[in-house]
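[1] pasting the structure only:
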Ligand SMILES: O=P(O)(O)OC[C@H]1O[C@H](O)[C@H](O)[C@@H](O)[C@@H]1O
């Protein structure tokens, strides 16, 4: 598919101007930038919908921002934002809209897809989810033997797992205390087996989440869970009481054997990694209740409104996205560490990995040409302060330039002495250490030996941003998620790629199917892979039969 409307990004005068500017910026240290402007910390920050973003420790000056904004305009970012909100087919490669913003639009808004206003549909599903949640919470929804549900097992993978598990962990503080939540994703049978080990089938509800309802892992786990349930309860009727489905393909759900009456729908215009606020969030709503879920949606919507209506220079997602482009394409940043100083956000980096890397890990433009610039960097992370005692060493003194996103909250949900103060002291200290470092001569002046001083020295000049919010609640989580969603969109629009498809994952899936068939065949059988893969298959077949 070719779109000739996309001119080569790197030939644009705005890109070239940034390249020239980057050359003049590269010798400038953050120490120098801060020394030259005592107000830098007050100026290079922006606050919106309860999120405070400090980007003063990015390796930029006013000219950088001006040039980035020019690039954004030249790439028609404002027009693309409007097109997404309007419901245009911004997922060009798959020729469909990407309308996750419709999932959190208030009742009364109007967004049409193929001439149909989708907002009433969205709210009808939300209302059904709320009624179901109420039934489960009140004990009115019972299992086959009449017992209320105590265990909720979400079965799904990718976007049908990472959003739900992240949101559950993030909002655990608000979670229903009588229910226990489990998330099974992996085809590895250990995942399901270990989860089910201690559960009573009579009190267990499975939510089978899959947009397509054809995903190998999810169907395998769902079939195994059904077998486990039926074996214990001994009646096919148990499926109707113990299984509900979330999907955009009702016919596949029916084929599996779940009554469409027990299915919660979402739509093709919601990408898997953008679906945590659709019916895919049923486990989230069961955990935190409908009211908190609506607060989560309100947070997402508040960030949507900010993104849509705020000029780019004060627009949080736009700034974050443009800074990511600056880092990746002009400073050579190859990885971003996402570092939440908040234990409840322990799955946030994993969630962001899919959002960022599945969206923007692309090497062809919308026009079908190979890009001649880098696209998405590698995202990873761990909650602070744990990461400090593990991989931060590389960020401080390694040879690669890594950018960091620090995330913190001013209030702890579990105050304990001064521990939260110490947590946030560490967050601020890390940003400072990364930016300013400490030179050999400073160490020597403090008495470090000639031999040790170079080992102790930290160059600094490592870029970071810091996000601070008052406290972690459903609304704030919503704003954070939408912030990253839209930042990813901004990057995708600059890079002229499709952030809403994911063809790269298909090749491996197809090969796995073929190899699974071959593994099942008896020896000897013809194998037509490369010599390495052939030998691995044979070795596996030989050894899997031998049990200790
Ligand atoms: O929700 P499903 O249709 O089961 O898809 C689950 C996941 O699998 C796919 O391979 C995609 O890479 C993901 O984007 C998707 O979230």
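    Noted; the coordinates are in hand. Computed from a predicted model, the values in this text were never measured in an experiment.
[2] Which residues of the protein lie near the ligand?
    Applying Cβ under 6 Å from any ligand atom, we find that the chain lies next to the ligand at 157-160, 210-212, 215, 218, 272-273, 358, 502, 505. All C-beta atoms are positioned from the backbone trio N, CA, C, and that covers glycine.
[3] swap the cut-off to 8 Å and go again
    Within the chain, the residues that sit near the ligand (Cβ under 8 Å from any ligand atom) are 156-162, 209-215, 217-218, 247, 271-273, 275, 280, 354, 358, 502, 505-506, 509.
[4] In PyMOL, how would I select the buried members of these?
    To isolate the buried ones among the residues of the chain next to the ligand in PyMOL, judged by 16 or more other Cβ atoms under 10 Å, type:
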select buried, resi 156+157+158+159+160+161+162+209+210+211+213+215+217+218+247+271+272+273+275+280+354+358+502
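[5] Among the residues of the chain next to the ligand, which are located in helices?
    162, 217-218, 505-506, 509 (DSSP state H).
[6] quick one: contacts for residue 58?
    44, 323, 326-327, 403, 463-465 (Cβ atoms under 8 Å, 6 or more residues apart in numbering).
[7] nearest to residue 142, of the ones in helices among the residues of the chain next to the ligand?
    residue 218 (25.6 Å; Cβ to Cβ).
[8] Of the ones in helices among the residues of the chain next to the ligand, which pair is most distant in space?
    162 and 506 (18.9 Å).
[9] Could you look up the SS state of residue 245?
    Classification of residue 245 using DSSP: H, G, I helix; E, B strand; the rest coil returns strand.
[10] Could you point out the longest helix of this protein?
    helix 282-309.
[11] mind listing the strands for this protein?
    45-48, 51-54, 112-113, 116-117, 151-155, 180-184, 204-209, 243-247, 263-265, 335-341, 378-380, 402-409, 464-469 (DSSP state E).
[12] Do you know the pLDDT at the residue in the stretch 401-548 of the chain that the ligand sits nearest to?
    The nearest approach of the stretch 401-548 of the chain to the ligand comes at residue 505, 4.1 Å away (Cβ to the nearest ligand atom). Looking at residue 505, its pLDDT is 95.
[13] contacting residues for it?
    Residue 505 touches residue 358, counting by Cβ under 8 Å, 6+ apart.
[14] how close does it get to residue 238?
    Going from residue 505 to residue 238 by Cβ to Cβ, to the nearest Å gives 34 Å.
[15] and what of residue 338?
    The value you get for residue 338 to residue 238, if Cβ to Cβ is used, is 41 Å.
[16] Spatially central residue in this structure, please.
    Nearest residue to the geometric centre of the chain (Cα atoms, centre = their mean): residue 352, 2.6 Å.
[17] Isn't that residue up against residue 338?
    Yes: in this structure residue 352 lies within contact range of residue 338 using Cβ atoms under 8 Å: 5.4 Å.
[18] tally of neighbours for the residue lying closest to residue 112 once chain neighbours are set aside?
    Among residues not flanking residue 112 along the chain, residue 87 sits closest, at 6.0 Å (Cβ to Cβ, 6 or more residues apart in numbering). Residue 87: 21 surrounding residues under other Cβ atoms under 10 Å.
[19] Residue 87 contacts residue 102, doesn't it?
    Yes: counting by Cβ under 8 Å, residue 102 is a contact partner of residue 87 at 7.3 Å.
[20] Mutual contacts of the two, please.
    111, 118, 269.
[21] who's in contact with the last one?
    Which is residue 269. Neighbour list for residue 269: 87, 96-99, 102, 113, 118 [criterion: Cβ under 8 Å, 6+ apart].
[22] Look up phi and psi at the nearest residue to residue 239 once chain neighbours are set aside.
    Among residues not flanking residue 239 along the chain, residue 257 sits closest, at 5.8 Å (Cβ to Cβ, 6+ apart). Torsion angles at residue 257 (phi, psi; degrees, to the nearest 10) stand at phi 110, psi 10.
[23] just checking, residue 538 touches residue 526?
    No: the pair residue 538 and residue 526 fails to qualify as a contact (Cβ under 8 Å) at a distance of 11.6 Å.
[24] who's more crowded, these two?
    residue 538 (16 against 7).
[25] coming back round to it: which one of residue 338 and residue 238 has more residues nearby?
    Taking other Cβ under 10 Å, residue 338 and residue 238 do not tie; residue 338 has more neighbours (24 against 20).
[26] which residues does the closest residue to the more buried one other than its chain neighbours contact?
    In space, residue 338 comes closest to residue 381 once its chain neighbours are excluded; the distance is 3.6 Å by Cβ to Cβ, 6+ apart. The contact partners of residue 381, by Cβ under 8 Å, 6+ apart, come to 337-340, 348-349, 352, 387, 405.
[27] Please point out which parts of stretch 453-463 sit buried.
    Quick answer for stretch 453-463 (16+ other Cβ under 10 Å): 453, 456-458, 460-463.
[28] actually stretch 376-393, sorry about that
    Buried, per 16+ other Cβ under 10 Å, within stretch 376-393: 376-377, 379-385, 387-388, 392.
[29] measure the residue nearest to the centre of the chain to residue 190 for me?
    On the measure of Cβ to Cβ, residue 352 and residue 190 end up 26 Å apart.
[30] One more: residue 539?
    For residue 539, the distance to residue 190 - Cβ to Cβ - is 21 Å.
[31] now residue 209
    Following Cβ to Cβ, the distance that separates residue 209 from residue 190 is 20 Å.
[32] Kindly report the same for residue 210.
    Using Cβ to Cβ, residue 210 is found at 20 Å from residue 190.
[33] Output the buried residues of stretch 453-463 in a markdown table, with pLDDT appended to each entry.
    Formatted as a markdown table, the buried residues of stretch 453-463 follow (pLDDT from 0 to 100):
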| residue | pLDDT |
| --- | --- |
| 453 | 97 |
| 456 | 98 |
| 457 | 98 |
| 458 | 98 |
| 460 | 98 |
| 461 | 98 |
| 462 | 98 |
| 463 | 98 |
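[34] ok, the residues you listed vs residue 205, which is closest?
    residue 463 (45.7 Å).
[35] my guess is that closest one contacts residue 324, does it?
    No: assessed by Cβ under 8 Å, residue 463 is found out of contact with residue 324, at 10.3 Å.
[36] Residues that sit against both of these two, list them.
    residue 403.
[37] Sweet, I'm off.
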